[in-house]
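Enquirer: Below is the structure, and that's it, no one-letter string:
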Ligand SMILES: O=C(O)CCC(=O)C(=O)O
Ligand SMILES: [Fe+2]
């Protein structure tokens, strides 16, 4: 077994077990009720209501589920998968022509770190709305906003079209899922839609090459997704592991052909005031096979102030988080991808009301707003 650069090596307690626990019980949800001609989310009949209960339970108990009969055309998925394969096959100097840097925040990148350990992967990112508006600096006083444009490679020639068409289809699915989630929280279905006007959503093409030391390195280290919802396509190789809520065990999400893996992100956790929690996950690599995956990170507009929804808080269940600016949060995270930080990255628990109270050593009387 070969060795890898020290930058990739996980601390002992975070190294993957090479024996795999398959995730029995990650809910598999059939969305065909949504495409039946006589049903609509706006006017839910009993089939939609059953679906809403299923989605609510999956969000509460797992934070992760898979969907089938989701309405995303298979040919659009095949096409972006083929483009990803062709793009990553190229020599490094070709891929680096569209590399990401501190100014161009999307494009090709092969040195991402998760919690200060380098990931065994290369990625290509593109924003779904181009230009996409984002603050230029994490400094709360700096109000400058910049337009982000995608960088498209010359090869393969159909790359851009395949990416844009795919994103359009997955976006429709993401909106439907947010509507079902709203209903499952007892809210009107369109409760979240307004946050996604001027969205900062991006799609990532992930390529995990075979790794000579899969017992030391990870494709992506343990993390939670910061956005609202992630809609993930994985190929048939497998490697995604989810930290099971019931016992903290890392379990593998078995690939289901053409299904999407959906997970609740930090923003839904905050909006729902912890009714639904964002769950930790990571990606294992293996020594024989390369793996591809395509997450769609559904992100609100930069000017969204993320906080528990008023409809979901009251005197008995006060807001557990202070409002934070999504744009500033995102810019802080993006900036940190370029350096190996000595300190932990910004996390939603930094905005927990309790956290603040603890910090001030009880001097503060908790403000329920
Ligand atoms: O590749 C995967 O299966 C998941 C990747 C992931 O969790 C991420 O990019 O946030
Ligand atoms: Fe993730």
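Expert: Right, received. Where do you want to start? These numbers come from a predicted model, not from an experiment. Ligands and ions are numbered 1, 2, ... in the order given.

Enquirer: need the residues of the chain near ligand 1, please.
Expert: Residues of the chain lying near ligand 1 by Cβ under 6 Å from any ligand atom: 204, 206, 220, 225, 232, 234, 240, 281, 283, 293, 295. Where you see a C-beta, it was placed from the backbone N, CA and C, and this is true even at glycine.

Enquirer: how does it look with 5 Å?
Expert: Neighbours of ligand 1 within the chain, by Cβ under 5 Å from any ligand atom: 206, 220, 234, 240, 283, 293, 295.

Enquirer: Assign a three-state SS to residue 16, would you?
Expert: Under DSSP: H, G, I helix; E, B strand; the rest coil, the three-state class of residue 16 is coil.

Enquirer: how far out from the middle of the chain is stretch 166-176?
Expert: Chain-centre distance of stretch 166-176: 14 Å, with Cα atoms, centre = their mean, to the nearest Å.

Enquirer: Check which residues of it are buried.
Expert: Residues of stretch 166-176 classed as buried: 166, 167, 169, 170, 171, 173, 174, 175, 176 (neighbour count, 16 or more other Cβ atoms under 10 Å).

Enquirer: all helices of this structure, in order?
Expert: With helices called from DSSP state H, the chain shows them at 32-35, 46-61, 74-89, 92-95, 159-184, 266-271, 326-336, 353-359.

Enquirer: JSON lines for the buried residues of stretch 166-176, including distance to residue 8 and pLDDT?
Expert: Below are the buried residues of stretch 166-176 laid out as JSON lines (distance: Cβ to Cβ, whole Å; pLDDT from 0 to 100):
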{"residue": "166", "distance to residue 8": "30", "pLDDT": "98"}
{"residue": "167", "distance to residue 8": "30", "pLDDT": "98"}
{"residue": "169", "distance to residue 8": "34", "pLDDT": "98"}
{"residue": "170", "distance to residue 8": "30", "pLDDT": "98"}
{"residue": "171", "distance to residue 8": "34", "pLDDT": "98"}
{"residue": "173", "distance to residue 8": "34", "pLDDT": "98"}
{"residue": "174", "distance to residue 8": "32", "pLDDT": "98"}
{"residue": "175", "distance to residue 8": "37", "pLDDT": "98"}
{"residue": "176", "distance to residue 8": "38", "pLDDT": "97"}
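
Enquirer: Now flag whichever of those is closest to residue 322.
Expert: Using Cβ to Cβ, the shortest approach to residue 322 within the buried residues of stretch 166-176 belongs to residue 174, at 26.6 Å.

Enquirer: How about the closest one: what's its closest non-neighbour residue?
Expert: Among residues not flanking residue 174 along the chain, residue 298 sits closest, at 4.5 Å (Cβ to Cβ, 6 or more residues apart in numbering).

Enquirer: Can you read off the backbone torsions of residue 104?
Expert: As for residue 104, its main-chain torsions (degrees, to the nearest 10) stand at phi -100, psi 110.

Enquirer: what's it in contact with, if anything?
Expert: 148, 151 (Cβ atoms under 8 Å, 6 or more residues apart in numbering).

Enquirer: Recalculate using a threshold of 7 Å.
Expert: residue 151 (Cβ atoms under 7 Å, 6 or more residues apart in numbering).

Enquirer: next one: residue 84
Expert: Applying Cβ under 7 Å, 6+ apart to residue 84 gives the contacts 205, 207, 292, 294.

Enquirer: Can you add neighbour count and pLDDT and give those back as CSV?
Expert: Formatted as CSV, the contacts of residue 84 follow (neighbours: other Cβ atoms under 10 Å; pLDDT from 0 to 100):
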residue, neighbour count, pLDDT
205, 23, 98
207, 20, 98
292, 18, 98
294, 23, 98
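
Enquirer: For those residues, work out which two are farthest apart.
Expert: Longest span within these, Cβ to Cβ: 207 and 294, 10.2 Å.

Enquirer: follow-up on the earlier one: what's the farthest-apart pair in the buried residues of stretch 166-176?
Expert: Spanning the widest gap among these are 166 and 176, at 16.3 Å by Cβ to Cβ.

Enquirer: okay, now the closest residue to residue 289 other than its chain neighbours: neighbour count?
Expert: Leaving aside its sequence neighbours, residue 289 sits nearest to residue 237 (Cβ to Cβ, 6+ apart; 5.0 Å). Look at residue 237: counted by other Cβ atoms under 10 Å, it has 16 neighbours.
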